[in-house]
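K.L.:
Pasting the sequence and the predicted model now:
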Amino acid sequence: MTTHTHYLWFETKKRQEIIDITDELEEQLHESGIREGFALVSAMHISASVFVNDHEPGLWHDILHWLEHSVAPWEPHRYRHNETGEDNAAAHLRSLTVGHEVIVPVTNGALDLGPWQRVFYGEWDGQRRKRVIVKILGET
Amino acid sequence: MTTHTHYLWFETKKRQEIIDITDELEEQLHESGIREGFALVSAMHISASVFVNDHEPGLWHDILHWLEHSVAPWEPHRYRHNETGEDNAAAHLRSLTVGHEVIVPVTNGALDLGPWQRVFYGEWDGQRRKRVIVKILGET
Amino acid sequence: MTTHTHYLWFETKKRQEIIDITDELEEQLHESGIREGFALVSAMHISASVFVNDHEPGLWHDILHWLEHSVAPWEPHRYRHNETGEDNAAAHLRSLTVGHEVIVPVTNGALDLGPWQRVFYGEWDGQRRKRVIVKILGET
């Protein structure tokens, strides 16, 4: 059994942003030399997500619109958490809905994703330095 | 450490459908010979889910109703993704909400599920061939 | 490869409650002796969640309010599942939204969590005995 650990850093220009990190994940898999196992990709923040979906900008727009209009509106006055001086309670609820981590299977030395599956970092409260852990566990 | 990989194929009759796959998962566990570890069950499509819940048809009805009326209505004109010629943006948002994968613990050679827990494939855009990967990692 | 399995028991006083279980998880990690690997923390019930978020009581209030007013209102008459004699269909939908499990990476013998990340048990239908499995897999 081998493990390989790497941290990806982000500092988005916009407060909400969706970033395809599949290439970085593949690079880490090749560095690890692991051929069979699991790759955990997990946001290290409670106002961000990691998820698997489609590389299609129209869909990214739909996701951001849906998070604001259906899942949890930003409106700071709605939330008790924001009485602590924060304004990002909505980002926490968006992280709970979409999830903060995925496990990608590794088979024959490659990410075993379906034809349209890509891995994304979802920043729900950005414009500051944040991190994602990539931890791959398996056999070389 | 051993790994065992298997793909389940689906082609649902209805566009949305919920299918209990616990028996297929148990069969794969027995084939693997793994007694302690993790079983990853992950949809290989971005318009489907894998989740753990209750084997109760009334609840399956409630889930489908909730996805349409509360999580993300199908209405194709709502979504920018559908300007690509698709009509399934809602299926993507449903997959993000419910998730596309679960990890089931394996203890003493059995799925270590609670008394009412079963594993389901949630098809949110069916009537075509789709896949779920089962990847079990652990010790025999 | 080593695995370590432990069950946490809960019997909440209120029907809905959010409980920080990070200390119990750390204790199990130390007992396991595992230094590199994955810790699975998974509710063994279909009306509960395990999630990673912030240790901030205002936020816990926001989460419970959001589950009731935005995700799935309790109102028993809304749901077909409740025709079986249950009244907890909403708890199932809340479990599907927030998820029932997390994988926490283990690095250098510690939970590899970000600065504000803590692990929580979310009880959505309590006042009875329920369980969470902690299963840690890795290398000592």
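P.N.:
Alright, I've got the coordinates. Numbering: from 1, shown residues only, chains lettered A, B, ... in the order given.

K.L.:
ok, residue A:123 - contacts?
P.N.:
Neighbour list for residue A:123: A:10, A:12, A:14-19, A:48, A:130 [criterion: C-beta atoms under 8 Å, 6 or more residues apart in numbering or on different chains]. Placement of C-beta: from N, CA and C, glycine included.

K.L.:
Get me the contact residues on chain A for chain C.
P.N.:
A:1, A:3, A:5, A:38, A:40, A:42-46, A:71-72, A:79-84, A:89, A:92-93, A:95-97, A:99-101, A:103, A:131, A:133, A:135, A:137 (C-beta under 8 Å from any C-beta of the partner chain).

K.L.:
From those, which land in strands?
P.N.:
A:3, A:5, A:38, A:40, A:42-43, A:101, A:103, A:131, A:133, A:135, A:137 (DSSP state E).

K.L.:
will you turn these into a markdown table that also has pLDDT?
P.N.:
Compiled in a markdown table, those are given as follows (pLDDT from 0 to 100):
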| residue | pLDDT |
| --- | --- |
| A:3 | 98 |
| A:5 | 98 |
| A:38 | 98 |
| A:40 | 98 |
| A:42 | 98 |
| A:43 | 98 |
| A:101 | 98 |
| A:103 | 98 |
| A:131 | 98 |
| A:133 | 98 |
| A:135 | 98 |
| A:137 | 98 |
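
K.L.:
Export the contacts of residue A:123 as TSV, with columns for secondary structure.
P.N.:
Putting those into TSV (DSSP: H, G, I helix; E, B strand; the rest coil) gives the following:
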residue	secondary structure
A:10	strand
A:12	coil
A:14	coil
A:15	coil
A:16	coil
A:17	strand
A:18	strand
A:19	strand
A:48	strand
A:130	strand
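
K.L.:
May I see those residues arranged in TSV, with pLDDT and distance to chain B as well?
P.N.:
Shown next, in TSV, are the contacts of residue A:123 (pLDDT from 0 to 100; distance: C-beta to the nearest C-beta, whole Å):
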residue	pLDDT	distance to chain B
A:10	97	19
A:12	97	19
A:14	97	17
A:15	97	19
A:16	98	15
A:17	98	16
A:18	98	11
A:19	98	16
A:48	98	14
A:130	97	20
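
K.L.:
just those residues now: which is nearest residue A:61?
P.N.:
residue A:18 (9.1 Å; C-beta to C-beta).

K.L.:
my guess is that closest one contacts residue A:120, does it?
P.N.:
Yes. Counting by C-beta atoms under 8 Å, residue A:120 is a contact partner of residue A:18 at 5.5 Å.

K.L.:
Look up how far chain B lies from residue A:6.
P.N.:
20 Å (C-beta to the nearest C-beta, to the nearest Å).

K.L.:
in the sheet, who's paired with that residue?
P.N.:
residue A:134 (DSSP bridges).

K.L.:
Look up how far residue A:10 lies from the residue lying closest to residue A:12 once chain neighbours are set aside.
P.N.:
Distances taken as C-beta to C-beta, 6 or more residues apart in numbering or on different chains place residue A:126 nearest to residue A:12, at 3.5 Å, with adjacent residues excluded. For residue A:126, the distance to residue A:10 equals 7 Å [C-beta to C-beta, to the nearest Å].

K.L.:
The two: which is more packed in?
P.N.:
Higher neighbour count among residue A:126 and residue A:10: residue A:126, with 22 against 18, using other C-beta atoms under 10 Å in any protein chain shown.

K.L.:
Could you list which residues are in contact with that one?
P.N.:
Counting by C-beta under 8 Å, 6+ apart, residue A:126 has contacts A:10-17.

K.L.:
Looking at the ones in strands among the residues of chain A next to chain C, spot the one nearest residue A:52.
P.N.:
For those, the nearest to residue A:52 is residue A:103 (9.8 Å; C-beta to C-beta).
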